[in-house]
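1. could you work out the structure for the sequence below:
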Amino acid sequence: MKFSSFLALSALTAANAFSVAPNTAATPSTTALSAVSPGVTSKTTDWNMSQISPNEKIEGTSRHTWSMSDASREMVQVAMQSNGRPINADVELWIGPDWTPVTIKCHSEDGREYPIQTLVGTRNKAANIEVLNTGPYTMPFTAAVSYAIPPLADARHRVAEENDGRYMEGGSVYHWSFAPEIDQLMVLLETEGKQLNAKIELLNGPNNIKQEFEVFTNNGNLNALFVVFDTPGEGNAIRVKNLAPLEYPCRIFTQPSKIRSTEVTNTLSAPGAGTNWDSPM
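-> As a prediction, the model looks like this:
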């Protein structure tokens, strides 16, 4: 009898050894796993960070992604600033699971005095915008990303229509010094549909680089590079380098958007502050 009880107990123990234990571990929250923000619509056509979108702090060597899912809109406003430390970041446009048609490498010597301000076209597709902080962990910055609204959403086309562009062959360099009264300058680089591989630098003094953008895209018409430089002080200039081979020319357009802290006639004036952010359509 005792032997039979022992056999029954042994069989029950063996069966329990192969049973699946319940999962008692806490399920991590989506917020902890994902660094993705939904796309919103800007509340300003200026570059006020608090009005573009809710700010995201991006630590060094980390990244944040914005999901821009409205295919009826095309122009995305990207802004970054810091407390005065340098900014080193990569901005990438993702379309689909493995296509990155645009990469913009950004650098600012002082993210407060020279903030990063650029427009990225989504080609009217559902896309993601990723901002990667390539600097060390001691150099965080804040970023804001949203769909731009008119007239800023149309600024890229307007600058090309209202100004005579300068033709630049592959491998060429263009240098232009501008008046100290210009407090903000818009710069556009585009091609007729060929690849765009170029660098724009903001200089203050001889070869003193305050800010720079380096772009690569397979189509410099659909994804022209449009940046806005804040240009405080005197002695400012821009230098453009066409990094592509000779057979890939581009055109450069420039237009001031602020003069002596007073916006010019075709300025991008803000339509009014808002507190509620639109959800993607």
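2. all the helices of this protein, residue numbers only.
-> 2-17, 30-33, 49-52, 155-162 (DSSP state H).
3. and the last one, what's buried?
-> By that I understand helix 155-162. 155-156, 158-160 (16 or more other C-beta atoms under 10 Å). Every residue, glycine included, has its C-beta placed from N, CA and C.
4. I'd like the residues you listed laid out as CSV, including pLDDT and distance to Phe178.
-> Converted to CSV, the buried residues of helix 155-162 look like this (pLDDT from 0 to 100; distance: C-beta to C-beta, whole Å):
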residue, pLDDT, distance to Phe178
Ala155, 96, 18
Arg156, 95, 20
Arg158, 96, 19
Val159, 96, 15
Ala160, 96, 19
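5. flag the shaky bits of this structure, pLDDT-wise.
-> Applying pLDDT under 70 to the chain picks out residues 1-34, 261-281.
6. one more pass at 90, please.
-> Applying pLDDT under 90 to the chain flags residues 1-35, 97, 205-207, 233, 260-281.
7. what residues go with each domain of it?
-> 36-149, 165-260 (automatic domain parsing).
8. show the end-to-end separation of the shortest one, please.
-> So that's domain 165-260. 24 Å (C-alpha to C-alpha, to the nearest Å).
9. with the first one instead?
-> Between the start and the finish of domain 36-149 there is a gap of 22 Å, counting by C-alpha to C-alpha.
10. before we move on, back to that, in TSV, list the domains of the chain along with mean neighbour count.
-> Shown next, in TSV, are the domains of the chain (neighbours: other C-beta atoms under 10 Å):
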stretch	mean neighbour count
domain 36-149	19
domain 165-260	18
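11. what ranges do the strands span in the stretch 1-150 of the chain?
-> Per DSSP state E, counting those that start in this stretch, the stretch 1-150 of the chain carries strands over the ranges 36-38, 56-58, 63-68, 75-81, 87-95, 99-108, 116-121, 127-133, 141-147.
12. please name every helix or strand in contact with the first one.
-> If contacts are counted by 3 or more C-beta pairs under 8 Å, 6 or more residues apart in numbering; DSSP states H and E, strand 36-38 sits against strand 63-68.
13. what's the strand it packs on packed up against?
-> strand 36-38, strand 127-133, strand 141-147.
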